[in-house]
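Peer 1: The following comprises the amino acid sequence and a computationally predicted model.
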Amino acid sequence: MAKDAKKTIKLKQIGSPIRRPEKQKQMLIGLGLGKMHRVVEIEDTPEVRGAVAKLPHMVQVVEG
């Protein structure tokens with residue numbers, strides 16, 4: 001078994017960054033998002049989970 005196999009999560013942007021605070025726009029860009037309905041697969045870390053928790057109206061965790 002590979003010890004360095006890292007868990008990942010898929011995130012989908014479901015909300016527009018228009019008329020949102022600048023910090024929320026920067027968090028979206030930091031997650032690799034920025035356009036509607038874009039899906040990214042990134043490493044599952046506490047930092048990423050914290051950013052997702054702050055953007056529940058704009059980001060959705062995609063199952064599967």
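Peer 2: Yep, it's here. Numbers count the residues shown, from 1 in each chain.
Peer 1: any chance you could map the strands in the protein?
Peer 2: Using DSSP state E, the strands found in the chain span residues 8-13, 39-43, 59-62.
Peer 1: just checking, what packs against the first one?
Peer 2: Contacting strand 8-13 under the criterion 3 or more C-beta pairs under 8 Å, 6 or more residues apart in numbering; DSSP states H and E are the following elements: strand 39-43, strand 59-62. All C-beta atoms are positioned from the backbone trio N, CA, C, and that covers glycine.
Peer 1: And the first one, what's buried?
Peer 2: When you say that, I think you mean strand 39-43. For strand 39-43, a neighbour-count test (16 or more other C-beta atoms under 10 Å) marks 40, 42 as buried.
Peer 1: got it, and the shortest one?
Peer 2: When burial is assessed from 16+ other C-beta under 10 Å, strand 59-62 yields the following buried residues: 59-60.
Peer 1: Also stretch 12-28?
Peer 2: 13, 15, 17, 24, 27-28.
Peer 1: neighbouring contacts of that stretch?
Peer 2: Stretch 12-28 has contacts (C-beta atoms under 8 Å, 6 or more residues apart in numbering) with 33-39, 51, 54-55, 57-62.
Peer 1: mean confidence score for that stretch?
Peer 2: For stretch 12-28, mean pLDDT rounds to 96.
Peer 1: Determine how far that stretch lies from the middle of the whole chain.
Peer 2: 11 Å (C-alpha atoms, centre = their mean, to the nearest Å).
Peer 1: how much space between the residue nearest to Leu33 when sequence neighbours are not counted and Val62?
Peer 2: Once flanking residues are discounted, Leu33 sits nearest to Gln13: 4.3 Å by C-beta to C-beta, 6 or more residues apart in numbering. For Gln13, the distance to Val62 equals 11 Å [C-beta to C-beta, to the nearest Å].
Peer 1: returning to what we had before: ok, the contacts of stretch 12-28 vs Lys7, which is closest?
Peer 2: Val61 (12.5 Å; C-beta to C-beta).
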